[in-house]
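Participant: sequence? don't have it. structure:
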């Protein structure tokens, strides 16, 4: 068996399919001996990333998720073939406005950045790749 396998998922754009991704991440986190806290953080970030891809990319068919396991970290790539987006055009949510608003959405990217150790995205008119890293040890 390969020491550091890669797990690849292709998820159709269907309601609750992000839960398939989180089930996979939980198995992988256990394989890597990550803490329950790290596993939960990965699951929350992955749910946000999948929902963003499903709702905002305008892809009609599927998204792809790659889990790249190393000795020191777990790298997760969420890839869609949608319309892409300009990260600089996404405003940071204002907590005061959100608290009084009926619309509680718009926290996804900020939440992902808080939950993961490193977050990067590449996006253009052919789609978006969101790369999230969770380090195995806190001091990394």
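Facilitator: Perfect, thanks for sending it. Small disclaimer: the values here were computed from a predicted structure and weren't measured.
Participant: are we agreed that residue 10 is in a strand?
Facilitator: Yes. Under DSSP: H, G, I helix; E, B strand; the rest coil, residue 10 sits within a strand.
Participant: contact partners for it?
Facilitator: 62, 63, 64 (CB atoms under 8 Å, 6 or more residues apart in numbering). C-beta coordinates here come from the backbone N, C-alpha and C atoms, glycine included.
Participant: what helices and strands are in contact with the strand or helix carrying residue 20?
Facilitator: According to DSSP states H and E, residue 20 maps onto helix 18-31. Contacts defined by 3 or more CB pairs under 8 Å, 6 or more residues apart in numbering; DSSP states H and E place helix 18-31 against strand 6-12, helix 36-56, strand 62-69, strand 73-80.
Participant: now do it and helix 36-56, the angle between them.
Facilitator: Between helix 18-31 and helix 36-56, the angle comes out at 150 degrees (axes from the mean of the first three to the mean of the last three CA atoms, to 10 degrees).
Participant: of the helices and strands packed on helix 18-31, which is nearest residue 27?
Facilitator: strand 6-12 (8.5 Å; CB to CB).
Participant: so how far is the closest one off the chain centroid?
Facilitator: Centroid displacement of strand 6-12 relative to its chain, using CA atoms, centre = their mean, to the nearest Å, is 13 Å.
Participant: tell me the angle that strand makes with strand 73-80.
Facilitator: Compare the direction of strand 6-12 with that of strand 73-80 by the same axes, to 10 degrees and you get 30 degrees.
Participant: just to revisit the earlier point, just the closest of the contacts of residue 10 to residue 14, please.
Facilitator: residue 62 (9.3 Å).
Participant: wait, what's in contact with the closest one?
Facilitator: Contact analysis of residue 62 by CB under 8 Å, 6+ apart lists 10, 11, 12, 13.
Participant: one more time with 6 Å, if that's ok
Facilitator: 10, 11, 12 (CB atoms under 6 Å, 6 or more residues apart in numbering).
Participant: equivalent analysis for residue 78, please.
Facilitator: 49, 53, 65, 130.
Participant: distance of it relative to residue 65?
Facilitator: As judged by CB to CB, to the nearest Å, residue 78 and residue 65 stand 5 Å apart.
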